[in-house]
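Enquirer: after the sequence you'll find the predicted model.
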Amino acid sequence: MADVMAQEVQMDPGVEMDPGVEIDPGVEMDHEVEMEQEVEMEEEECTFSGDSDYSDDSDFVDEISEEELLGDLLKEKPTEPSEVNDTVIVVDGVPKVGPERFEKLCNLLHNIFEKFGAVVSSGFPKDSDGKTRGYVFFEYNDVDAAREAIKQKDGFKLDKAHTFRVNVVSDFAKYAKVDEKMAIPEKEPFNYVGNLQSFLEDDNCHDQFCAIYDEGMTTGIYSNTAPEPTIVAERQRWTEKYVRWSPYGAYFATIHSKGIALWGGAEFKQIQRFGHQQVHFIDFSPCEKYLVTLGQGEPAAVIIWEILNGMKKRVFPIDMSQEENLRWPTFKWSDDGKYFARMLKGVIQVYETPNMNLLDKKSFSVPNVSQFCWSPKDNLLAYWVAEQDQIPARVVILNIPSRHEVRVKNLFNVQDIRLHWHNEGRFLCVKVDRYNKTKKIHYSTFEIFHINEKQVPVDIIEQKEQVQAFAWEPTGNKFCCLHGIPGYTSASFYEIKNLKVELLSTLERKSASHLFWSPAGQFIVLASVEGNNPPGILEFIDTGDMSVMHIAEHPGASDVEWDPTGRYIVSCASYWAQKEDAAAWFWSFQGKLLRKFRREKLCQLLWRPKPPTLLSPEQCKQIKKDHKKYSKGFDAKDRLLQSRVSKEILGKRRELMDSYTEYRQKCSAQYQQDTPYRRELRNDVNTDEIECGVIDDEWTEVKVESLFSEENEVIADDKKGKE
């Protein structure tokens, strides 16, 4: 009886079991078999021939989506593990701190990583003592925020002892599955583009220059040989806008709608490409390691690239509506390429390479900053601040990276200031445009900072007229300024001797607007270029004895540029500036016109730069001292080269003359052969004699002698001959 009751209770799921009642296992198994048989019998009763199995047809299309039908339930669907892992980042390299500094560390890291998106949660693992373990977890709302945090902060230097390494959590599973057996990578073919300095191996030391002509359709690179330049490379549609050389001439940059291309080597093969839409301006770092591009697409941005591998190092979004973003170059580089800086409203930001991060992770505030520039030789940054209320203007020379103020000078009654570093970094000239107390009369002063001297002394030179242009001698201690009214100026030359500035000479009544010093120093050209009246006047001056060597004119000249050695100077009338008579004229440093380089619709001409010499100053002085000894060998080589060129020209002329003579004889024979046919057509009349008016026998030959030149040469002196 007890067994039957237990069986009934077990069959009813709604009845609670008495813990005191025991159930026979065999009875329980028999009951389960009976239940399965009953279910099968019910299914057989429900399914009979002719009835549907309630499944959809094969061509049935459900018009209701799962989101419409189960929208609320799908929102509560748990996120896939892979998606969660992609939104969670782990930051390693975090400082290990105790409980007393934990809150400060937590706030710092949240401020850093909340810039990329909303942080859902964070985790700071700790050890048994409550000290952080040196890594942190952050979870973002979406994957894009996590990726941007990794991109911006992986490798971020928090301080000297801590550098962040940022990864997504899913990376750990990926790296855990790495095969322990090393797979030998495939060897990539080495793309040898040739020697980037091959142009320096020219035995005759010919400089190279590039030219764009045919209204920008053709670009050519030439060697400055005599008597005419020799083509090195020429290509159609090589660039879509303009071209640029790198500072040392190793790379040749062309501008395209989709980006920049760099070329180099003896055959000018393509070295690297940089994809940046609508690039308008480019710039190189002085060390030729980095390329800076400004693209005005959507959005506008300045991108810094590493030249060797083509990697994008840093992107700076630019708001082109802001006035401070319209200056180019946006970034200015230190001479060694370790730092680059830009000026925004009230701040100067200095970045360091190769991590491209802010120096010491902060900008330095400089209210009313107006201009800044780097020293060409040292990591010194000079800037000036405009007057405001009762606070005078001031010039500051700052050491980077220490930010120590090397020299500060206050200036009063300032209208404008311009900073000019000497090429060797030994002097800084601060040109100050001032007004008097009535604020009507304008004049200029020069504040000359002696950088290498103790406490950086300053010399002051006053010009009673406003200065229009200023330029340092590249290799010496001289400088020149143009002062006066535009179009009617005077040129004053100064020299620094024994820490004192001395006036050498003043050349008055000049029409010059620009100054162009020779890279070798001593020689300077005073030029009035396109836009000035009168344009195209070039005045060649030797500052050794302050003599005017030559005055020449190139009508319509829009640009003047010296070659890297200082031997030649070219004046160019660009097709971009004027549509007629576009050409480049080559001059010697003494002002002698050597040749006129004419190409159809010449747009641009640029000399190829050269790296600085590896010779010491003492060796350079010795070479100048022995110049006469070397010049004899160079003169002989020039004469030999000229004779070779003359022979080549004469040979070509002979070939042309022989070809013409042969063609003339052929035509004459054909003419004589056609004489009977012509007589037949003209009723047996010799029209040749009628047209000439003479018979063949009446022709006479006349010889004409002309004297082209006469030379008198003295064989020997009469007195010496008698002796």
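Expert: Nice, I can see it.
Enquirer: tell me how many other residues surround Phe274.
Expert: Neighbourhood size, Phe274 [other C-beta atoms under 10 Å]: 22. Where you see a C-beta, it was placed from the backbone N, CA and C, and this is true even at glycine.
Enquirer: wait, it sits on Tyr290?
Expert: No. Counting by C-beta atoms under 8 Å, Phe274 stays clear of Tyr290, with 11.0 Å between them.
Enquirer: quick check: neighbours shared by the two?
Expert: By the contact definition C-beta atoms under 8 Å, 6 or more residues apart in numbering, Phe274 and Tyr290 are jointly contacted by Trp305.
Enquirer: ranges for the helices of this structure?
Expert: Using DSSP state H, the helices assigned to the chain run over residues 2-11, 25-46, 66-69, 71-75, 81-87, 99-113, 143-153, 170-176, 617-625, 627-673, 675-681, 687-692, 718-722.
Enquirer: confidence-wise, which of the ones you listed is weakest overall?
Expert: Mean pLDDT is lowest for helix 2-11 out of these, coming in at a mean of 41.
Enquirer: any idea how far Lys151 is from Gln665?
Expert: Distance of Lys151 to Gln665, computed by C-beta to C-beta, to the nearest Å: 79 Å.
Enquirer: let me redo that: Lys632
Expert: Here Lys632 is placed at a distance of 49 Å from Gln665 (C-beta to C-beta).
Enquirer: then Leu326?
Expert: For Leu326 relative to Gln665 (C-beta to C-beta), the value is 70 Å.
Enquirer: before we move on, what about Pro612?
Expert: Using C-beta to C-beta, we find Pro612 at a distance of 61 Å from Gln665.
Enquirer: compare the two (neighbour count), which wins?
Expert: Between Pro612 and Gln665, Gln665 has the larger neighbour count (other C-beta under 10 Å), namely 10 against 7.
Enquirer: number of nearby residues for Glu553?
Expert: Neighbours of Glu553 using other C-beta under 10 Å come to 14.
Enquirer: that one touches Pro535, doesn't it?
Expert: No. Applying C-beta under 8 Å, one finds Glu553 not in contact with Pro535, separated by 9.1 Å.
Enquirer: which strand residues bridge the residue nearest the centre of the chain?
Expert: The residue lying closest to the centre of the chain (C-alpha atoms, centre = their mean) is Asp283, at 2.5 Å. Assessed by DSSP bridges, Asp283 has beta-bridge partners Val292.
Enquirer: now do stretch 469-479, average pLDDT.
Expert: Here stretch 469-479 scores 94 as its mean pLDDT.
Enquirer: list the buried residues of that stretch.
Expert: Ala469, Phe470, Ala471, Trp472, Glu473, Pro474, Thr475, Gly476, Asn477, Lys478, Phe479 (16 or more other C-beta atoms under 10 Å).
Enquirer: what's in contact with that stretch?
Expert: 418, 420-424, 427, 429, 431, 446, 480-482, 493-497, 504, 512-522, 524, 543.
Enquirer: kindly give a single PyMOL line that selects the buried subset of these.
Expert: Remark: buried members of those, expressed as a PyMOL selection using 16+ other C-beta under 10 Å:
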select buried, resi 418+420+421+422+423+424+427+429+431+446+480+481+482+493+494+496+512+513+514+515+516+517+518+519+520+521+522+524+543
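Enquirer: from the contacts of stretch 469-479, which land in strands?
Expert: Secondary structure defined by DSSP state E assigns 418, 420-421, 427, 429, 431, 446, 480-482, 493-497, 504, 514-517, 524 of the contacts of stretch 469-479 to strands.
Enquirer: any chance you could map the strands in the stretch 101-250 of the chain?
Expert: For the stretch 101-250 of the chain, the strands defined by DSSP state E, counting those that start in this stretch cover 119-123, 135-140, 157-159, 162-163, 165-168, 208-213, 218-223, 230-236, 243-245.
Enquirer: tell me the buried residues in the first one?
Expert: When burial is assessed from 16+ other C-beta under 10 Å, strand 119-123 yields the following buried residues: Val119, Ser122.
Enquirer: Lys500 reaches Asp459, doesn't it?
Expert: Yes. Using C-beta under 8 Å, Lys500 makes contact with Asp459 at a distance of 7.1 Å.
Enquirer: the two: which has the busier surroundings?
Expert: A count of neighbours by other C-beta under 10 Å puts Asp459 above the other of Lys500 and Asp459, at 16 against 9.
Enquirer: so how far does stretch 508-516 reach from one end to the other?
Expert: By C-alpha to C-alpha, to the nearest Å, the extent of stretch 508-516 from end to end equals 18 Å.
Enquirer: repeat for stretch 123-133
Expert: One end of stretch 123-133 to the other measures 11 Å (C-alpha to C-alpha).
Enquirer: return the set of buried residues in that stretch.
Expert: Thr132.
Enquirer: just stretch 147-159 next, same as before
Expert: Arg147, Ala149, Ile150, Gln152, Lys153, Phe156, Leu158.
Enquirer: neighbours of the nearest residue to the fourth one once chain neighbours are set aside, how many?
Expert: Residue nearest to Gln152 in three dimensions, not counting chain neighbours: Phe116, with 6.8 Å by C-beta to C-beta, 6 or more residues apart in numbering. As a burial measure, Phe116 scores 20 neighbours (other C-beta under 10 Å).
Enquirer: surely Phe116 meets Glu148?
Expert: Yes. Contact criterion C-beta under 8 Å: Phe116 and Glu148 qualify, at 4.6 Å.
Enquirer: OK, contacts around the residue nearest to the centre of the chain?
Expert: Counting by C-beta under 8 Å, 6+ apart, Asp283 has contacts Leu291, Val292, Trp328, Pro329, Phe331.
Enquirer: for the first one, what are its contacts?
Expert: So that's Leu291. Going by C-beta under 8 Å, 6+ apart, Leu291 touches Ala253, Ile260, Leu262, Phe274, Ile282, Asp283, Phe284, Ser285, Ile304, Trp305, Ile307.
Enquirer: if I look at it, how far off is Trp333?
Expert: 11 Å.
Enquirer: what's around Ile448, how many residues?
Expert: Counted with other C-beta under 10 Å, the neighbours of Ile448 add up to 21.
Enquirer: joint contacts of Leu291 and Trp333?
Expert: With C-beta under 8 Å, 6+ apart, Leu291 and Trp333 have common neighbours Ser285.
Enquirer: quick one, grab the pLDDT at Ile89.
Expert: Ile89 carries a pLDDT value of 92.
Enquirer: show me the contacts for it.
Expert: When contacts are counted by C-beta under 8 Å, 6+ apart, Ile89 touches Phe113, Phe137, Phe138, Glu139, Tyr140, Ala146, Ala149, Ile150, Val166, Asn167, Val168, Val169.
Enquirer: at 10 Å instead, please
Expert: 113, 116, 119, 136-140, 145-147, 149-150, 153-154, 166-169, 171 (C-beta atoms under 10 Å, 6 or more residues apart in numbering).
Enquirer: Ser490: neighbouring residues, count only.
Expert: Ser490: 18 neighbours (other C-beta under 10 Å).
Enquirer: my read: it touches Gln466, true?
Expert: No. Ser490 lies out of contact with Gln466 (C-beta atoms under 10 Å); the separation is 11.7 Å.
Enquirer: shared neighbours, those two?
Expert: Common contacts of Ser490 and Gln466 (C-beta under 10 Å, 6+ apart): His483, Gly484.
Enquirer: what sits against Arg237?
Expert: Neighbour list for Arg237: Asp214, Gly216, Met217, Thr218, Thr219, Thr254, His256 [criterion: C-beta under 10 Å, 6+ apart].
Enquirer: and of the residues you listed, the nearest to Ser128?
Expert: Nearest to Ser128, judged by C-beta to C-beta, of the contacts of Arg237 is His256 at 61.5 Å.
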